[in-house]
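Q: Sequence first, then the predicted structure, then my questions.
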Amino acid sequence: MLSFILAATEIPLLSDIVVIFGLATLVILLFMRLKLPTIIGYLLTGAIAGPYGLSLVDASTAVDVLSEIGVILLLFVIGMEFSLKSLMAIKKAVFIGGSLQVILTIAVTSLITYAFGYEWNKAVFFGFLFALSSTAIVLKLLQETGQINSLSGRTTLAILIFQDIIIVPLVLFTPMLAGESDNILLSLTFMALKAGLVIVLTILSAKYLIPELLYRVAKSKNEELFLLSIIVICFAVAYVTSLLGLSLGLGAFLAGLIISESEYSHHATGKILPFREIFLSFFFVSVGMLFDLSFLIDHLLVILFLVVLTVVIKFLVAAIAVKSIGSNFKDAFVVGFSIFQVGEFSLLLAKEGLEYELLDPITYQYFLAISIFTMIITPFVLKQKENLACRVLNIPVPKKIRARFGEKINVPTGQIETDRLSDHLVIIGFGLNGRNLARAAKRAEIPYAIIEMNPETVRVEAAKGEPIMYGDAANQVVLEHVNIHKARVAVIAISNHESTRSIITNIRTDSQNVFIIVRTRYVNEIEAMLKLGADEVIPEEFETSIEIFTRVLNKYLVPKGEIDDFTHDVRFHNYEVFRSLQGDSGSTIALDIPEINFAGIKIEKDHGAFIGKSIKDINLREKAGINLVAIKRDGKTNTDIHGDTKIKLGDIVYVVARPEALEKFEDDVSIS
């Protein structure tokens, strides 16, 4: 025991791990209670435990190594959830959008920094630092919210991939900016050749080597061997890329891409995720350890000004870069609100700048404060990025400018005769609900216009003669194009909650007379929609539950009339509650969604109010709230339930009811 204690004291990292995880557990428990992002909890843990806090951690170098493993595993998982085919599909966003974002950020930052009095080489180095965003934070948040595969999510990923690639030449340029005489052109040429070699090897491995290897490993049915193989692939590829002078993160991403081409990618992801979460926590703690709280307090106003300046510049530059590759303004703004922060690779590059004296200690602390501040606010901004993008789109501007603005975002329309649109139906979103609604409107000869964000859908449907246009209905100009102020009804049939809210607000800005019907996913979203101005809100969750129990009851041969009556009662009761909220901003919604259970209950008593008597005499539905749909007796199931049917000892009765009614009925007929 004594030898173990002595060994622990000789390994500072062991005590540091205990301190970090122990403190992080307490901090994150508090943050979860306050409903704050756990990332900020890890940053705060680092600030408290670090050298500028309580100095509880000594082995900061070892913590940095563990944090680097976390970043490697993060990019590895991202690669596994992506694919080479998907990457090639966004190569325009990677190489054009990414290069524009990096080059424009470097140029603008350099000019501003030079205007503050810094020498040109230091100004350009500042551009390097601020051109990079946080891959670790942004991709983690996009994964958690399931937005990594959305259009804006893929564009964000593309730009972050380019930033990870460009970090290598930026590191090579750093000595040249400091006055070193290395042949940078020759170095970049070799680096391009090495990168090309790695990409070729990645493609060949993904197609031929790794699928066969994983097949043989999986065939062994040894989970430990499978996990070991996945980890070896990840770190081996990362190690090879580092030997070639490329970043470890890029190698890990490529390793993930290799595995993604096999059928084992999902199983591998499940195996790696727990390790990723543990090591990634070290990254956020290590970043927090850089926080000099006293410097922050002494220079708070200056730092806040620089943070705002950084956010605005990076947002605008990213939006311009994304718009230049053909995205609409909303997606461009969403990406801008996703990558406005300073990244973790910038922190690594800043250390290089200190070594080459491109940064002095004071400037370095300013940079750290700005970086960590932007990282801290990132989870909050990403959570609201859709709403923020809509708000930017709807900033009041003169009509002439807005008209030009609208011309840029309104791409191909179908046969919409705007001048003739009056007393018409506006369908926003052309998914399954929108298509069915358009079909019904066409049959009833109701004039309608469609707004859709998928350009391929617009092209196909416009060719069929549908009155459809491409555009974001959260933008006022798009709504004006379909004469929203003259419409009788507007149906919002999209899945994005924040966009739906913005659309309702914009419609109500133009007209108080349009009857707005909203399709939403969940019942708990109804109140907010009604308060914004929607007239009817139909939750999929609610309607789907009705459809499910209707079909089940039909399957159990419950009379159609009784099902219809029951369904009508449910809809009337609940929708009346929802409608009563209109015009009463102080009321709160009280839902009474029927919870219908289906159960088979064995009759274990030979006596009671429901046993040995005919169905018509006991009034089972009225007295007990029970629907009897079938009886199993002597091994045979009888669905021919009629008034003279009797329930007997030993029967298994199949009934439909609320949980409380089922519980009471079971007490009456069963032996507990």
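A: Sure thing, it's come through.

Q: Tell me how this protein divides into domains.
A: Following automatic domain parsing, one finds the domains of the chain at 2-390, 405-579, 597-669.

Q: which outside residues touch stretch 600-618?
A: By Cβ atoms under 8 Å, 6 or more residues apart in numbering, the residues outside stretch 600-618 that reach it are 620, 623-624, 628, 632, 641-655, 662, 665-666, 668-671. C-beta: built from backbone N, CA, C; applies to glycine.

Q: What residues of that stretch count as buried?
A: For stretch 600-618, the neighbour count (16 or more other Cβ atoms under 10 Å) marks I601, I603, F610, I611, I615, I618 as buried.

Q: CA atoms of that stretch as CSV?
A: Provided in CSV are the C-alpha atoms of stretch 600-618 (Å, rounded to 0.1, in the frame of the first residue of the first chain):
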residue,chain,number,x,y,z
GLY,A,600,-53.8,-8.4,-22.2
ILE,A,601,-55.2,-9.1,-18.7
LYS,A,602,-55.8,-12.6,-17.3
ILE,A,603,-59.1,-13.1,-15.4
GLU,A,604,-58.0,-14.8,-12.1
LYS,A,605,-61.2,-14.2,-10.1
ASP,A,606,-64.4,-16.1,-10.4
HIS,A,607,-66.6,-13.3,-9.1
GLY,A,608,-66.9,-9.5,-9.4
ALA,A,609,-68.7,-6.8,-11.2
PHE,A,610,-67.4,-7.7,-14.6
ILE,A,611,-67.2,-11.5,-14.4
GLY,A,612,-69.8,-14.0,-15.6
LYS,A,613,-72.1,-11.3,-16.9
SER,A,614,-72.8,-10.2,-20.5
ILE,A,615,-71.0,-7.1,-22.0
LYS,A,616,-74.4,-5.3,-22.5
ASP,A,617,-75.3,-5.8,-18.9
ILE,A,618,-72.0,-4.6,-17.3
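
Q: shaky segments in the stretch 351-500 of the chain?
A: Where the stretch 351-500 of the chain drops to pLDDT under 70, the residues are 394, 396-420.

Q: Now do the strands for the protein: every range, in order, please.
A: Assigned strands in the chain, in chain order: 425-428, 448-452, 468-470, 489-492, 515-520, 536-539, 597-602, 627-633, 636-638, 652-657 (criterion: DSSP state E).

Q: The first one pairs with which strands?
A: Going back to what we said before, that points to strand 425-428. Applying DSSP bridges, strand 425-428 is found paired with strand 448-452 (parallel), strand 489-492 (parallel).

Q: Quick one: closest of those strands to Q384.
A: Ranking those by their distance to Q384 (criterion: Cβ to Cβ) puts strand 489-492 first, at 19.7 Å.

Q: Give me the contact list for the closest one.
A: For strand 489-492, contacts defined as Cβ under 8 Å, 6+ apart pick out 425-429, 433-434, 437, 473, 484, 500, 503-504, 507, 514-519, 534.

Q: could you dump the strands paired with strand 425-428 to CSV with distance to G22?
A: Below are these laid out as CSV (distance: least, Cβ to Cβ, whole Å):
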stretch, distance to G22
strand 448-452, 52
strand 489-492, 49
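
Q: returning to that earlier point: C390: which of the buried residues of stretch 600-618 is nearest?
A: If you rank these by distance to C390 using Cβ to Cβ, I601 comes first, at 52.1 Å.

Q: What pLDDT does the model give that closest one?
A: As predicted, I601 sits at a pLDDT of 82.

Q: distance of it from L246?
A: To L246, I601 is 66 Å away according to Cβ to Cβ, to the nearest Å.

Q: ok, now L257?
A: From L257 across to L246, the span is 14 Å (Cβ to Cβ).

Q: So which of those two has more stuff around it?
A: Neighbour totals were compared for L257 and L246, and L257 leads with 26 against 21 (other Cβ atoms under 10 Å).
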